[in-house]
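Peer 1: For reference, the sequence and a predicted model appear below.
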Amino acid sequence: MSSSTSDTKFLVDENVRIELYKHLKENSFDAKIVPKSMSDTDIAKISKSENRILITNDSDFGDSVLFPKQDFFCVLLLDIPQEKLDLLIKAFSDCLSKLESKTINGKVFELRESGLYFKR
């Protein structure tokens with residue numbers, strides 16, 4: 001995984017395993033956890049205003065009607081079962097270099113066991 005030289009910042013939704021957040025922090029990434037019970041609209045605003053990749057299990061963020069691309073910075077939808085923590089961390093680590101691109105603004109990606117996919 002990359003080191004603290006990365007400018008990539010993350011916003012970890014409350015529905016994501018806390019171990020992924022801890023893994024990011026242990027690897028010197030700038031990561032924040034979404035406060036409990038925050039609205040999806042407010043979460044999107046934080047992502048946008050702070051240029052943070054939102055890591056979430058909430059498929060609503062993949063909906064272009066509910067969340068048009070100008071409403072958030074970048075979304076990473078997790079499509080890996082929560083009980084597969086080792087697989088989640090490995091898949092996340094493997095896709096990280098693709099997320100460090102400057103061309104992720106307004107995009108939604110889906111992380112599956114088989115890799116990272118562009119959703120919209």
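Peer 2: Sure thing, it's come through.
Peer 1: Just to be sure, Asp86 is in a helix?
Peer 2: Yes - looking at Asp86 with DSSP: H, G, I helix; E, B strand; the rest coil, it is inside a helix.
Peer 1: Contacts only, for it.
Peer 2: Shown in contact with Asp86 (C-beta atoms under 8 Å, 6 or more residues apart in numbering): no residues. Where you see a C-beta, it was placed from the backbone N, CA and C, and this is true even at glycine.
Peer 1: What segments of the protein are strands?
Peer 2: Taking DSSP state E, the strands of the chain run over residues 9-12, 30-33, 52-56, 74-79, 107-112, 115-118.
Peer 1: Could you dump these into CSV with distance to Glu19 and mean neighbour count added?
Peer 2: Output for those, formatted as CSV (distance: least, C-beta to C-beta, whole Å; neighbours: other C-beta atoms under 10 Å):
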stretch, distance to Glu19, mean neighbour count
strand 9-12, 10, 22
strand 30-33, 12, 16
strand 52-56, 12, 24
strand 74-79, 13, 23
strand 107-112, 15, 18
strand 115-118, 19, 13
